[in-house]
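In: Predicted model, plus sequence, below.
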There are 2 protein chains.
Amino acid sequence: MKLQAAIDRVSLGDAVTLAHRLDGIADVIEFGTSLVKDYGLVMIKENPLHLKKSKLLLDLKTIDEGPYEFRRGFEAHGDILTVMAGSSYDTISKTYDITQDVHKEMLIDLLEVDTAKIKTISGFKNAIYGLHHSRDAESNFDAISATKKFHEDFPDIKRIAVAGGIDVEQAKGLSQQGIADTVIVGSKIVGEEDPVKAAKQFKEAMKK
Amino acid sequence: MKLQAAIDRVSLGDAVTLAHRLDGIADVIEFGTSLVKDYGLVMIKENPLHLKKSKLLLDLKTIDEGPYEFRRGFEAHGDILTVMAGSSYDTISKTYDITQDVHKEMLIDLLEVDTAKIKTISGFKNAIYGLHHSRDAESNFDAISATKKFHEDFPDIKRIAVAGGIDVEQAKGLSQQGIADTVIVGSKIVGEEDPVKAAKQFKEAMKK
């Protein structure tokens, strides 16, 4: 299982420094939506990370104007971009085609969509489908049972990422469960005093 | 009926110039999502428009982390910010509270949500509800009949904005219909050789 470390709500300079420290430890380094909306893709493009091992995910959360945003995101050195499952089918289809054309990856963020909607967009076979609990939502989220349920509902979807307040214990459980492809961790890594140590703890716990 | 002119997919410098030219002609000047994601709220904050008459809408399309994004958006001089109807209820509720606290405005973008979802979020009485057809969608959109239908389904929603390829004739029809509070126009103004002239034509057509 891959580890994705999400960097959010810091200055772009701090994000770049942290990305370099986590390069090769986290499999994927995410520049979260706050970095995209605070600093913009133009500035992210002009400050390439040149990561040696990790992939860069830019959490665009595209919900319309898919082709425009995805072209800009890939120009800004994103290896993986995100589109909302709540977009129109055409938005997702167009971003998928662009992603395939440039041999990059995309994550379809399943935030706040129901089973009926997921059914209509479940056929993009190279896409990663991201189970995602809203940060703002007051309700609880159990990553392990949510992943199990999703896999039962959509057994044909092979690439699953899970996000939502995940700690080391949950990451370990997800790894043992063996369904999810990627676990996305935010504050439990980048909010720690030593993010590198925290990321290594996650990786260690995720070894089967 | 108010006219909102949406500026998108240009450099921030050109957007600022155009905003000043449209100040006082369009009632609301929108910096579209492409400007937010290309240049970022930090740069928009550092280049205040100081509009004399028009209000500034920043099309954040917030779908999570509502409080963070709305605080950043208001700091960047937005008078009106947007949140997706497809967000969690808590995201919309929290952005609404922040908006009320600072005596600004918010638009709930109804892109790709169904009637059942709208029902659950129809009670934010000072919010503007934005009927919005996806730019990427291949299907057609009739702004006038969509507005009529929406008003029949949700008679208690008083503030309605309509967007989606609207031209002068449709704007005239919407004005005569008397339901919508605001018409949002993109390319038919800012894509024209003379955007000021185009905006004036819309305003003229919208006089009852």
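Out: In hand now; what should we look at?
In: Contact residues of chain A facing chain B?
Out: Within chain A, the positions near chain B by C-beta under 8 Å from any C-beta of the partner chain are A:8-9, A:33-34, A:36-43, A:60-61, A:63-69, A:72, A:84, A:86-91, A:94, A:111-113, A:134-138. (C-beta placed from N, C-alpha, C; glycine too.)
In: The residue nearest to A:Lys203 when sequence neighbours are not counted: what secondary structure?
Out: Nearest residue to A:Lys203 in three dimensions, chain neighbours excluded: A:Leu3, at 5.8 Å (C-beta to C-beta, 6 or more residues apart in numbering or on different chains). Classification of A:Leu3 by DSSP: H, G, I helix; E, B strand; the rest coil places it in strand.
In: A:Leu3: neighbouring residues, count only.
Out: Around A:Leu3 there are 24 other residues, counting by other C-beta atoms under 10 Å in any protein chain shown.
In: show me what contacts it?
Out: By C-beta atoms under 8 Å, 6 or more residues apart in numbering or on different chains, the contact list for A:Leu3 reads A:Ile25, A:Ala26, A:Asp27, A:Val28, A:Ala171, A:Thr182, A:Val183, A:Val185, A:Ala199, A:Phe202, A:Lys203, A:Met206.
In: now the residues you listed in a markdown table, with neighbour count and pLDDT?
Out: Formatted as a markdown table, the contacts of A:Leu3 follow (neighbours: other C-beta atoms under 10 Å in any protein chain shown; pLDDT from 0 to 100):
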| residue | neighbour count | pLDDT |
| --- | --- | --- |
| A:Ile25 | 20 | 98 |
| A:Ala26 | 30 | 98 |
| A:Asp27 | 17 | 98 |
| A:Val28 | 23 | 98 |
| A:Ala171 | 26 | 97 |
| A:Thr182 | 21 | 98 |
| A:Val183 | 27 | 98 |
| A:Val185 | 26 | 97 |
| A:Ala199 | 22 | 98 |
| A:Phe202 | 23 | 98 |
| A:Lys203 | 17 | 98 |
| A:Met206 | 18 | 96 |
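In: A:Ala85 is in contact with A:Thr120, isn't it?
Out: No - when contacts are counted by C-beta atoms under 8 Å, A:Ala85 is not listed as touching A:Thr120 (9.4 Å).
In: Of the two, give the one with the bigger neighbour count.
Out: Using other C-beta under 10 Å, the more surrounded residue of A:Ala85 and A:Thr120 is A:Ala85, with 23 against 11.
In: Could you report the neighbour count for the residue in chain A positioned nearest to chain B?
Out: The minimum distance from chain A to chain B, using C-beta to the nearest C-beta, falls at A:Gly40 (3.2 Å). By the criterion of other C-beta under 10 Å, A:Gly40 has 25 neighbours.
In: Next, the contact list for A:Gly24, please.
Out: The contact partners of A:Gly24, by C-beta under 8 Å, 6+ apart, come to A:Lys52, A:Lys53, A:Ser54.
In: same check, this time on A:Asp79
Out: Listed by C-beta under 8 Å, 6+ apart, the contact partners of A:Asp79 are A:Val28, A:Lys55, A:Leu56, A:Leu57, A:Lys104, A:Glu105.
In: Out of these, list just those in strands.
Out: Among those, the members falling in strands (DSSP state E) are A:Val28, A:Lys55, A:Leu56, A:Leu57, A:Glu105.
In: Tell me the buried residues within those residues.
Out: For the ones in strands among the contacts of A:Asp79, a neighbour count by 16 or more other C-beta atoms under 10 Å in any protein chain shown gives the buried set as A:Val28, A:Lys55, A:Leu56, A:Leu57, A:Glu105.
In: which residues pair with the last one across the strands?
Out: Right, the one you point to is A:Glu105. A:Glu105 has the following beta-bridge partners by DSSP bridges: A:Ile80.
In: so what pLDDT did it get?
Out: Here, the pLDDT recorded for A:Glu105 equals 98.
In: I'd say it and A:Asn126 touch.
Out: Yes - here A:Glu105 lies in contact with A:Asn126, judged by C-beta under 8 Å, at a distance of 7.4 Å.
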